[in-house]
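# return atomic coordinates for the entry below.
(2 chains)
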Amino acid sequence: MHERLSFFVRRDSPIHSLNPMTKVVLAFSLVLIAFSSPWYWTPLTIFLLVIVPLTLIGKVAREYWNFFFKVILPTVLVLFIMQALFLPGESKIIFDIFGLEITELSARLAFRNATRIAVMVSSFTILLLTTHPSELMSDLTRRGLPGQFAYVIISSLQIIPQMQAKAQTIISAQRSRGLDTQSSFLRRAGSLIPLVGPLVFGSLVEVEERAIAIEARGFTSPKTKTSLHEIPDTSTDKRIRWLLAAFVLISLALRLWPS
Amino acid sequence: MAVVNLQNVTYKYPLTSSLVLQDINLQIEDGEFVAIVGPNGAGKSTLCYTIAGFVPHFFKGEMTGTVEVAGIESHNSSLHEWVLNVGLAFQNPFNQISGAKYTVFEEIAFGLENIGVPRDEMLARVSEVMKLTGISDLADRSPYSLSGGQQQRVALTSILVMQPKVLVLDEPTSQMDPIGTREVFGVIRKMAEQGMTVILVEHKVEWIAQFTDRVIALKDGKILLEGPPRDVLSSLVLEENGFGISRYTSVARKATALNLWKDARLPVTLDEAAEGFAHTTAFSPKGRGE
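Take a look at the predicted model:
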C-alpha cells in the first residue's frame, strides 16, 4: 500500500538522464519566470509549452496528470475562486453573487496567481518524478550543500510515507478497539486525539533513535563525503543550465525595466 | 591491554534524578566477547551508549568518572572521532535505517560515504561484508520492504562495514527467529575470532553461554556479578534478583534438591545439561529399570 517511497518513477528518458542539478535549476527557473513575468498569460504559456512537453519527454505524463487532477487542479481552482472574490480591484464588475463581486481586474490577478501556483507545483512534481532522491542528495552534497540539510530533505521523502503507514496502523488498531470513525464530524474529530498521541510521541522517539543510528555511522564526520553513485554532469547539462539562467535574467530584466 | 576501560562511571540522564549507572568499573580486553545481562531498566542500554560515546556526548546529562576506549578518553574527544573506533547497533532496526537510501546496498555504504572512503574501496567493502552477514541477495531491495529480522541484519552489516575496533550490540537478534539468531551469532563470533572486541546485550541466555567469554550481570545501574558465562548465568544470585535464567539451570537446580544432579556446577545450555544428567544413575539406561 505504501510501497512507493517517493514520487520517483524509474523510466529511461532524456529528462531522467539529466544531472539532478540541471533539473533543480530548471524547476527554479520556471518558477522564477512564472512569478516575475508581468504578463497575465506567461504562467499558462509556460504550463502549456514547457510543463506539458516535459511530462511527455520524461515519460511521466500518466503519473503527472494523475497528480494534477487529484491535487494541483482542485487547489488551483479554490485559489482562483477565493482570490477572484476577495482581491481588491477597481474595475468593471463581471460577476455578482450574493453581494460578492468579481471584477475584471481581480479575475485577471486571480488567474495569474493560480496559474503561477500550478507552474510551481508542476515543475517540482516533474523534478521529483524524474529524479532519484538519493542521486539528488549526493549531487547537491557534492556541490557543497551541507550534508545535514540534504539529509533532512531526502529522508522526509522516505519517512513521511512511513509515517502515513504508521498512522494507518494506529487507526486500524484503535478501530479494532472500538474507535468510531464513521459517525458525526465532531465525534470523529474527538476520536482523532487518541491517534495523534501515539503518532507524535512515537515519532519523537524515532527521531532520537535515528539520530543515534546515523551518528554511529559517521554522519557528522568533518571529512569530505564520498559517493557510491557517480552522477554524470555532461556539457549538455552545463549548457542547459546557462540557457535557463539567461532566460531567468531576461525575465527579471523585463520585470524591472518595463519600458 | 584493556581496549574498553570504565572507571567509577556514574551517570544520570538530563531532567531525571535517578542514577542510571552507579560507580561502574569495567575493563574489557582487546578481542574479548562480553555479554551484558540484566532485567529491564538495569541500565544495559545506557552502558552500551556510554561505551559507544553517546553518553554523554549525545544525551548530555551528568557523567562522572572516566570512559576510555582504544586509548581515547571520552571527555577529550568528539563523537565523530569516537564512532570510528566503536560501532553501535541497537534493538529497533526500523529506526536504524537512515531513510536517505533506497536500496540495501546504498544503505550499507552510507557510513562509508560519510567518513570519506573512496568509491572503489567502498564497493569492495560493502560486497564483502554483505556476503559475511548473508544478505547479498537483498542488495537491491528497499530497506523498508524488509522484515524485522532482515532489517536487523542490515543494521548490523551497516556497522560492521565501518570496521570498528569495538562492536557494541544492544539486542541485535530481538526480532529474529532461532535460525536467524544462530546465523547472526555465527557472524558475531566470527568477528570476535578475527580480533574485534564485542559487547553484546542479549536476553537469550543459552546463546550467551555458548558464545561469549565473559558475562556481566547488571542490576539497578550496578554490576552485580561478572565472570565466566556458566558461573554467572547459573548463579543463584541472578535467579533471586529477577534475571532471566536458562530452563536447564532451573531444572538442574530442582534436580539437585532431589539429589538427581551431582555436579557442583549447574548447566546453562542443553549440552551441559545432557552431559550432567548422563552422570546420574537415575537417568542412565542401566538405572532406568530399578
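# all contacts plus neighbour counts: C-alpha atoms, from now on.
OK.
# just the CA atoms of stretch B:94-102, as PDB, please.
The C-alpha coordinates for stretch B:94-102 follow below in PDB (Å, rounded to 0.1, in the frame of the first residue of the first chain):
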ATOM      1  CA  PHE B  94      13.400   0.200  11.700                       C
ATOM      2  CA  ASN B  95      14.900   3.400  13.300                       C
ATOM      3  CA  GLN B  96      18.400   2.400  12.300                       C
ATOM      4  CA  ILE B  97      17.700   2.700   8.600                       C
ATOM      5  CA  SER B  98      19.000   6.100   7.600                       C
ATOM      6  CA  GLY B  99      16.000   7.000   5.400                       C
ATOM      7  CA  ALA B 100      18.300   8.600   2.900                       C
ATOM      8  CA  LYS B 101      18.900   5.500   0.900                       C
ATOM      9  CA  TYR B 102      16.700   3.500  -1.400                       C
END
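# which other residues reach that stretch?
With Cα atoms under 8 Å, 6 or more residues apart in numbering or on different chains as the test, stretch B:94-102 has contacts from A:134, A:151, A:154-156, A:158-159, A:206-207, A:209-210, A:213-214, B:89-90, B:107, B:110, B:141-144, B:148, B:151, B:155.
# what about these, which are in strands?
Counting by DSSP state E, the part of the contacts of stretch B:94-102 found in strands is B:Ala89.
# pull the longest helix from the chain.
Using chain A here. helix A:147-176 (DSSP state H).
# not quite, go with chain B.
helix B:178-193.
# tell me which helix or strand comes right after that one.
From helix B:178-193 onward toward the C-terminus, using DSSP states H and E, the following helix or strand is strand B:197-201.
# what mean pLDDT does the next helix or strand after that following strand get?
Later in the chain than strand B:197-201, the nearest helix or strand by DSSP H and E is helix B:205-211. Averaging pLDDT along helix B:205-211 yields 91.
# please enumerate the helices of chain A.
A:20-36, A:42-46, A:52-57, A:61-67, A:73-86, A:104-130, A:133-142, A:147-176, A:185-190, A:193-216, A:235-256.
# dump those into TSV; add mean neighbour count as well.
Shown next, in TSV, are the helices of chain A (neighbours: other Cα atoms under 10 Å in any protein chain shown):
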stretch	mean neighbour count
helix A:20-36	22
helix A:42-46	19
helix A:52-57	16
helix A:61-67	15
helix A:73-86	17
helix A:104-130	22
helix A:133-142	21
helix A:147-176	16
helix A:185-190	11
helix A:193-216	16
helix A:235-256	15
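# get me the contact residues on chain B for chain A.
By Cα under 8 Å from any Cα of the partner chain, the residues of chain B that approach chain A are B:54, B:58, B:79-81, B:83-84, B:87-89, B:95-102, B:106, B:109-119, B:122-123, B:145, B:158-159, B:162.
# nearest residue to B:Glu202 in space, please, no chain neighbours.
Nearest residue to B:Glu202, sequence neighbours excluded (Cα to Cα, 6 or more residues apart in numbering or on different chains): B:Glu171, at 5.0 Å.
# so how far is chain A from that neighbour?
Separation of B:Glu171 from chain A (Cα to the nearest Cα, to the nearest Å) stands at 14 Å.
# and that residue, how many neighbours does it have?
If you count neighbours by other Cα atoms under 10 Å in any protein chain shown, B:Glu171 ends up with 19.
# kindly list the main-chain dihedrals of it?
Here is the backbone geometry of B:Glu171 (degrees, to the nearest 10): phi 50, psi 60.
# flag the shaky bits of the chain, pLDDT-wise.
Looking at chain A here, since you left the chain open. The model of chain A has pLDDT under 70 over residues A:1-6, A:89, A:181, A:258-259.
# oops, wrong one, chain B.
In chain B, residues with pLDDT under 70: B:281-290.
# change it to 50
Across chain B, the ranges flagged by pLDDT under 50 are B:287-290.
# and the chain, what are its domain boundaries?
In the absence of a named chain, this looks at chain A. Taking automatic domain parsing as the reference, chain A has its domains at A:20-131+A:232-256, A:142-216.
# hmm, I had chain B in mind actually
For chain B, the structural domains run B:2-99+B:162-236, B:246-290, going by automatic domain parsing.
# what's the most buried one of those?
Each of these was scored by mean neighbour count; the highest is domain B:2-99+B:162-236, a mean of 20, by mean count of other Cα atoms under 10 Å in any protein chain shown.
# quick check: end-to-end length of it?
The first residue of domain B:2-99+B:162-236 is 29 Å away from its last residue (Cα to Cα, to the nearest Å).
# same question, stretch B:48-59
In stretch B:48-59, first residue to last residue: 13 Å (Cα to Cα).
# other residues contacting it?
Outside stretch B:48-59, the residues within contact range by Cα under 8 Å, 6+ apart are A:212, B:4, B:13-14, B:46, B:61-63, B:67, B:69, B:74, B:78-79, B:82-83, B:86-88, B:168-170.
# next structured bit after the helix or strand containing B:Thr50?
Here B:Thr50 sits within helix B:44-51, counting by DSSP H and E. Moving toward the C-terminus from helix B:44-51, the next helix or strand (DSSP H and E) is helix B:54-57.
# which strand runs longest in chain B?
Secondary structure assigned by DSSP E gives strand B:2-12 as the longest strand of chain B.
# tell me what it is packed against?
Judged by 3 or more Cα pairs under 8 Å, 6 or more residues apart in numbering or on different chains; DSSP states H and E, strand B:2-12 is in contact with strand B:21-29, strand B:62-69.
# what strands line up against that strand, and which way round?
Strand B:2-12 sits in its sheet next to strand B:21-29 (antiparallel), strand B:62-69 (antiparallel), going by DSSP bridges.
# which residues are in contact with the helix or strand that the first one is followed by?
From strand B:21-29 onward toward the C-terminus, using DSSP H and E, the following helix or strand is strand B:33-37. In this structure, residues lying in contact with strand B:33-37 by Cα under 8 Å, 6+ apart are B:28, B:44, B:192, B:197-203, B:208, B:211-218, B:243.
# try it again with 7 Å
By Cα atoms under 7 Å, 6 or more residues apart in numbering or on different chains, the list of residues contacting strand B:33-37 from outside reads B:44, B:192, B:197-203, B:208, B:212-218.
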